[in-house]
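Trainee: Next comes the sequence, and after it the predicted model I'd like to discuss.
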Amino acid sequence: MEREEQTAQHILVVEDDAVMRGTIAELLAEEGYSVAVASGGEQGLAYLRQSPRPALILLDLMMPAMNGWEFHSQLQHDPTLATIPVVLLSAVADFQRRRGKLDVAAILPKPVNIARLLEVVAQALASDPTPDAPSR
């Protein structure tokens, strides 16, 4: 079991809704991923700047203080973070139309379909050229 934890792909979940954040984190952990959570964009950026690089970020778009659009913009301006694949989670009706404005691996509508979430996570991680980050 310990060896499995050391080699788990690391995912950061940035989501302001505590129930959604906890549910996604628990689901991913049950699938064998190492998971960190942040309750907003500012906390997510702070985590990224002081912790091992995650292999993937799951990002809510609509959050108070720093929303997902602003968070993603900050990622793109930091060369060490810009290449981390991002999957957007959004209840915003026009997110597909706005997708062209963001370079993301995928966009999932809320409420999130569990099977689709796991499929998208696996696909995004399979296409990530960076090495796995160690789990914390």
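Mentor: Great, that's in hand. Numbers count the residues shown, from 1 in each chain.
Trainee: Let me know whether R21 touches S39 as I believe.
Mentor: Yes - at 6.8 Å, R21 and S39 qualify as touching, with contact defined as CB atoms under 8 Å. C-beta: built from backbone N, CA, C; applies to glycine.
Trainee: so what's in contact with the two at the same time?
Mentor: Between them, R21 and S39 share these contacting residues under CB atoms under 8 Å, 6 or more residues apart in numbering: E15.
Trainee: just for this structure, where's the confidence low?
Mentor: Across the chain, the ranges flagged by pLDDT under 70 are 1-7, 93-102, 128-136.
Trainee: Strands of that one, start to end?
Mentor: 10-14, 34-38, 56-60, 86-90, 106-109 (DSSP state E).
Trainee: helices and strands around the first one, which ones?
Mentor: To tie it back to what came earlier, the one meant is strand 10-14. In terms of contacts (3 or more CB pairs under 8 Å, 6 or more residues apart in numbering; DSSP states H and E), strand 10-14 is packed against helix 18-30, strand 34-38, helix 41-50, strand 56-60.
Trainee: Name the residues of the third one that are buried.
Mentor: The reference is to helix 41-50. Going by neighbour count (16 or more other CB atoms under 10 Å), the buried part of helix 41-50 is G41, E42, Q43, G44, L45, Y47, L48.
Trainee: Which single one of the residues you listed is nearest to T80?
Mentor: For T80, the closest of the buried residues of helix 41-50 turns out to be L48, at 8.6 Å, with distances computed as CB to CB.
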